[in-house]
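Enquirer: mind looking at a prediction? Sequence and model below.
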Amino acid sequence: MSMRDITLSELEQLRPLTAETDDSFQMDQDSFVAFYERTARPVWAYIWRRTGDRHLADDLLQEAYYRFLRARVSHESENHRRNYLFRIAANLVHDNHRRQPALMELPEEGRPGHPMSDSSAGMQSQRRTDLDRALTRLSSRQQDALWLAYSEGSSHQEIAETLGLKVGSVKLLLFRARRKLVKLMGGSRREP
Amino acid sequence: MSRIECAREMEILDAIASGRWPERADAELRSHASSCTICTDVALVAALYRDDYESALEHARMPSAGLVWWKAELRARREAVRVASRPMTLAAGIAGTCVAVAIVALLRGMSIHLDMAALTAFLLNQPLVLWLVLGAIVALTPIALYFVYSDE
């Protein structure tokens, strides 16, 4: 866009933000950048693996951080803040699945993340394909719980906070999700 | 009721997270895992997820923090403008409705109680200044409205 194409109102929007916006966000820019650097990668990975779409992951990541910034919530700790962000991301993923339940798909062939595009093809690719297929048979909550427990390394308490469940429910949810996943993956494949 | 958790799950998760599972893990822990259904499941699922997670992180290409912040700022400003202009839009709507109702009521009243021929003659006899003022109001109102709402 050339300078001649920019209207006055657009210039107004481009000018550096003032206290007006800082007031509407729960943290200033410096704190946000530091928090983003610590959390964006795992949140993006979560959204991407749950939606199977890179562009959608970018959009939902933006939306998640926007809602996080606008939320009037006081956080007791960094963990609490992080769990709250994951909770927003999980809700966005669920909303998206409700709107477009058939769009859960693998990354395009030749793109990073597609099983056949991995450098260590063969066994790892096959396992990824099996996992992707199996996950489509699990409920959204089960997928979230497994991801948080075994990818993020979250405790039962943290998963409960993120998913809005009781700790006991999380334990049962994880137990059932694991059992189902192992059966779907061919339960005889036992590791020592 | 069957067991849904095992006290040694965390040990297995720690071994997987540190890359010790299964070869370099404690032999006693491996022996336990082979005989415990829960730990077998935990080991299998956690190892699968660990590989998947590392691959996903490796391929993650997120937008920069600055871009995300800038987009959030723009959106917050737009929402603030929309919220701020809501009462003005509502007031303009109510005023417009009142004027329309008043005109309709006036015209109906005039058609009932007044002699239309006499009224027309009365209006035509008004001085030119009155017509110029009315014309200016009609011409300038859209321009004024444009300036009021152009910031949106």
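Expert: That came through, no problem. Residues are numbered from 1 along each chain as shown, chains lettered A, B, ... in the order given.

Enquirer: distance of the residue of chain B most remote from its centre relative to residue B:105?
Expert: Distance from the C-alpha centroid of chain B peaks at residue B:118, with 57.8 Å (C-alpha atoms, centre = their mean). Distance, residue B:118 to residue B:105, using C-beta to C-beta, to the nearest Å: 20 Å. In short, each C-beta sits where N, CA and C put it, glycine included.

Enquirer: repeat for residue B:34
Expert: Applying C-beta to C-beta to residue B:34 and residue B:105 gives a distance of 90 Å.

Enquirer: and if you look at residue B:58?
Expert: 73 Å.

Enquirer: ok so, going back, show me which of residue B:34 and residue B:105 is the more surrounded one.
Expert: residue B:34 (14 against 10; other C-beta atoms under 10 Å in any protein chain shown).

Enquirer: now that one: how far from chain A?
Expert: Distance, residue B:34 to chain A, using C-beta to the nearest C-beta, to the nearest Å: 5 Å.

Enquirer: quick check: mean pLDDT across stretch B:100-111?
Expert: For stretch B:100-111, the mean per-residue pLDDT is 80.

Enquirer: run through who's touching that stretch.
Expert: B:116, B:119 (C-beta atoms under 8 Å, 6 or more residues apart in numbering or on different chains).

Enquirer: please identify the buried residues of it?
Expert: Buried residues in stretch B:100-111, counting neighbours by 16 or more other C-beta atoms under 10 Å in any protein chain shown, are absent.

Enquirer: name the SS class of residue A:72, please.
Expert: coil (DSSP: H, G, I helix; E, B strand; the rest coil).

Enquirer: how about the nearest residue to it, chain neighbours excluded?
Expert: residue A:26 (6.9 Å; C-beta to C-beta, 6 or more residues apart in numbering or on different chains).

Enquirer: report the contact partners of that neighbour.
Expert: So residue A:26 contacts A:68-73 (C-beta under 8 Å, 6+ apart).

Enquirer: give me that answer again for 10 Å
Expert: A:32, A:68-75, A:81 (C-beta atoms under 10 Å, 6 or more residues apart in numbering or on different chains).

Enquirer: please apply the same query to residue B:72.
Expert: Counted by C-beta under 10 Å, 6+ apart, residue B:72 has contacts A:17, A:21, A:24-25, A:29, A:32, A:62-63, A:65-70.

Enquirer: redo that, cut-off 7 Å
Expert: Residues near residue B:72 by C-beta atoms under 7 Å, 6 or more residues apart in numbering or on different chains: A:65-66, A:69.
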